[in-house]
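Enquirer: generate a structure from the sequence data that follows.
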Amino acid sequence: MGTIINKFGQVVNGVIKGFDRIVFKGMVRPIMFAAGMQSHLMSQNVLNKDFKTYAMSKSKAIVDYAEETSKNHTGKSTIYIPSSNERKEALAHKQQKEAGIKDGLIGVWSCVESCLTYRSSFNPGATYPMLRHEQSRCKHLYFYLDDPTYGFMSIRLQTWAPYEIQIALNGREWLRRSLDLVGCTYVLHGNKFLHIDDYELAQKFLDKQLEADFEKILNGFVPMAFPLMQEILPNMSYYWTLWQSELATDYIFDKPESLNPLMGNLMRYALISGTGDRILKYFGSPIDAKGQPHPKSNPEILSRAKFWYDGLRVKHWNGKNSVKFYNEHNVLRFEMTMNDPSKYKIYRHAENQDKSEPKKLMPIRKGIADITARAKVSKGITDRFIEQMETVEETTSLETLLSEVSSPLFKDGKRIRGLDVFGKDLQFIKALSDPAFGVSAITNKELQNKLADTDWAKGKTSKQLSGKISRHLFMLRKHGLIRKLPNQRKYELTDKGRKLTTAVNATLASPVESLLKLAS
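Expert: Model (predicted):
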């Protein structure tokens, strides 16, 4: 990684990488299953058949406290939102702007949304009413605040048992507050920094976020939204998981015009690699709705921020996880969104394993104990994605790349045939070039799905296709185009592999006239 810096270093003011949006969910484990909720009702001298009456009374108390909190801090009542599709964040930003709120609670909103709860019904086997899980709808409370330490954030509370809670933070907002505390000037638009006086300091703050005691931070926000927790759920606490994380690398250019040539090349790469359907073009404005400048803006930066810009976004999904890149004004962002960390494995102890025992290769958990590992994996995926995109600036000739792989190899007394890149191996090589493999990894199963309807797999049973793919993966590994991940049957493209696949796709997409001009 580094081609962007090497080629555009003179017009890249700085690079920052770290968390963007991070959404935590809290659950009270003892009451997340019906039997546990029944035990809690028993401890409160409440019969199973009276669950609904009990839950309604507690819900009313929670809502009343929220109303009081909203009036005390903002002078306004809780605002009801009739549709769950309404963007609550936009409403909060609007209210913050109109009220001129610099920090603290911005407002409280309520909305009836889907939830998982319980229903009491007669159980013939037990001969008395018992609780069972039910998908229902209930009132949720949204608390939006601009915290002095963590910036703009939100808390969402389900007011009906089992009282699930969601807290959304943003690493860039956290960084904004950190820079404010030390007096470092910046220009911010949304969650993008268009300029920072000290990029090295900003990166240190982003790195330090991983050292935070997230359990303490999250528990500290609970009393604001759920002050009655210890009264309703005595001696219980929330178990926290990181439901969704976004880790972003931002290249901050001196002006949008400096970024445009690179964006053009990146778009062409998406088109030639067969992923043009994943391109989204959009338009946006780098200033607020009223066109007002940022209070700490640099005049030179600001003058360039008054124009509308063309936006380009390319996104690749693999299951529930994705990578994307897009531009906004003078910022080029590469971002990895992780919703399902179980797709990635790390060496760690099991939950109840003795710490003196050796660690095992196991899937990453959603629990906050694996946040550091999750960030490391996300960063690695983002870096590989950037490296693959950087091949659009590669200057090595196709002849040189082909000469390195078209000749046979002799290793350990065995002959490994050379690749027929534009012949019988073409479809396999094209399949490997899909950037979506950068989200997870190259696997035999994924390649089977991708190649199933091609001539390369024609006439093959599932077992035969799997065997053919395995042989080709072995061959490409020997030629240095892919590497095997430790202790897993997964692979990733090497730098050599990325260059070759990009060159092949570019050649296939180029008209003959253009190729003749390049060769002359």
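
Enquirer: A161 and I62: what is the separation?
Expert: Taking Cβ to Cβ, to the nearest Å as the measure, A161 falls 11 Å from I62. To be clear about C-beta, it is placed using only N, CA and C from the backbone, and glycine gets the same treatment.

Enquirer: what segments of the stretch 251-400 of the chain are strands?
Expert: Listed in chain order, the strands of the stretch 251-400 of the chain (DSSP state E, counting those that start in this stretch) span 279-284, 309-318, 321-328, 331-338, 345-348, 360-363.

Enquirer: now render those strands as CSV, adding distance to M229, mean pLDDT and mean neighbour count.
Expert: Shown next, in CSV, are those (distance: least, Cβ to Cβ, whole Å; pLDDT from 0 to 100; neighbours: other Cβ atoms under 10 Å):
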stretch, distance to M229, mean pLDDT, mean neighbour count
strand 279-284, 41, 46, 11
strand 309-318, 37, 74, 17
strand 321-328, 33, 89, 22
strand 331-338, 29, 94, 22
strand 345-348, 30, 90, 16
strand 360-363, 31, 91, 13
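
Enquirer: out of those strands, flag the one nearest L432.
Expert: L432 sits nearest to strand 309-318 of all the strands of the stretch 251-400 of the chain, at 13.9 Å, using Cβ to Cβ.

Enquirer: direction included, what does that closest one pair up with?
Expert: Strand 309-318 has its sheet partners listed here by DSSP bridges as strand 279-284 (antiparallel), strand 321-328 (antiparallel).

Enquirer: so how far is that strand off the chain centroid?
Expert: 14 Å (Cα atoms, centre = their mean, to the nearest Å).

Enquirer: can you give me the angle that strand makes with strand 331-338?
Expert: Counting by axes from the mean of the first three to the mean of the last three Cα atoms, to 10 degrees, strand 309-318 lies at 20 degrees to strand 331-338.

Enquirer: correct me, but S120 touches T53?
Expert: No - using Cβ atoms under 8 Å, S120 is not in contact with T53; the gap is 9.7 Å.

Enquirer: between the two, which one's more packed in?
Expert: For S120 versus T53, neighbours defined as other Cβ atoms under 10 Å are more numerous around S120 (22 against 12).

Enquirer: out of the strands of the stretch 251-400 of the chain, nearest to I167?
Expert: strand 331-338 (17.3 Å).

Enquirer: show residues contacting that closest one.
Expert: Strand 331-338 is contacted by residues 4, 20, 192-194, 244-253, 259, 262-263, 321-327, 374, 377-379, 381-382, 385-386, 389, 439 when judged by Cβ atoms under 8 Å, 6 or more residues apart in numbering.

Enquirer: that strand: how far from the chain's middle?
Expert: Centre-to-centre, strand 331-338 and its host chain are 8 Å apart (Cα atoms, centre = their mean).

Enquirer: partners of that strand, with directions?
Expert: Pairing partners of strand 331-338, with direction, according to DSSP bridges: strand 239-253 (antiparallel), strand 321-328 (antiparallel).

Enquirer: any idea how far the longest one is from the chain center?
Expert: What separates the centre of strand 239-253 from the centre of its chain is 5 Å, taken as Cα atoms, centre = their mean.

Enquirer: likewise stretch 167-181?
Expert: Chain-centre distance of stretch 167-181: 17 Å, with Cα atoms, centre = their mean.

Enquirer: how about stretch 184-195?
Expert: Offset of stretch 184-195 from its chain centre (Cα atoms, centre = their mean): 21 Å.

Enquirer: buried residues, that stretch. List them.
Expert: Buried positions in stretch 184-195, judged by neighbour count with 16 or more other Cβ atoms under 10 Å: C184, Y186, V187, L188, H189, N191, K192, F193, L194, H195.

Enquirer: which other residues reach stretch 33-42?
Expert: Applying Cβ under 8 Å, 6+ apart, the contact partners of stretch 33-42 are 29-31, 47-48, 50-51, 54, 118, 130-133, 161-162, 233.

Enquirer: does I31 really touch E164, like I thought?
Expert: No - between I31 and E164 there is no contact under Cβ under 8 Å: 10.3 Å.

Enquirer: pLDDT weak spots in the stretch 51-200 of the chain?
Expert: Nowhere does the stretch 51-200 of the chain drop to pLDDT under 70.

Enquirer: for it, just list every one of the strands.
Expert: Under DSSP E, counting those that start in this stretch, the stretch 51-200 of the chain gives strands at 79-80, 104-123, 128-147, 151-158, 165-170, 186-189, 192-196.

Enquirer: kindly reformat the ones you listed as TSV and extend each row with distance to R177.
Expert: Below are the strands of the stretch 51-200 of the chain laid out as TSV (distance: least, Cβ to Cβ, whole Å):
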stretch	distance to R177
strand 79-80	26
strand 104-123	13
strand 128-147	7
strand 151-158	5
strand 165-170	10
strand 186-189	11
strand 192-196	13
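
Enquirer: quick check: K458 vs L465, distance?
Expert: K458 is 10 Å from L465, by Cβ to Cβ.

Enquirer: and these two? Which one has more around it.
Expert: Counting neighbours by other Cβ under 10 Å for K458 and for L465 shows that L465 has the greater number, 19 against 10.

Enquirer: the more buried one - nearest residue in space that isn't next to it in sequence?
Expert: Closest residue in space to L465, ignoring its immediate chain neighbours: A457 at 5.1 Å, by Cβ to Cβ, 6 or more residues apart in numbering.

Enquirer: quick one, longest helix in the chain?
Expert: Scanning the chain for the longest helix, with DSSP state H as the assignment, gives helix 51-74.

Enquirer: my read: Q44 touches A55, true?
Expert: No - counting by Cβ under 8 Å, no contact exists between Q44 and A55, whose distance comes to 11.5 Å.
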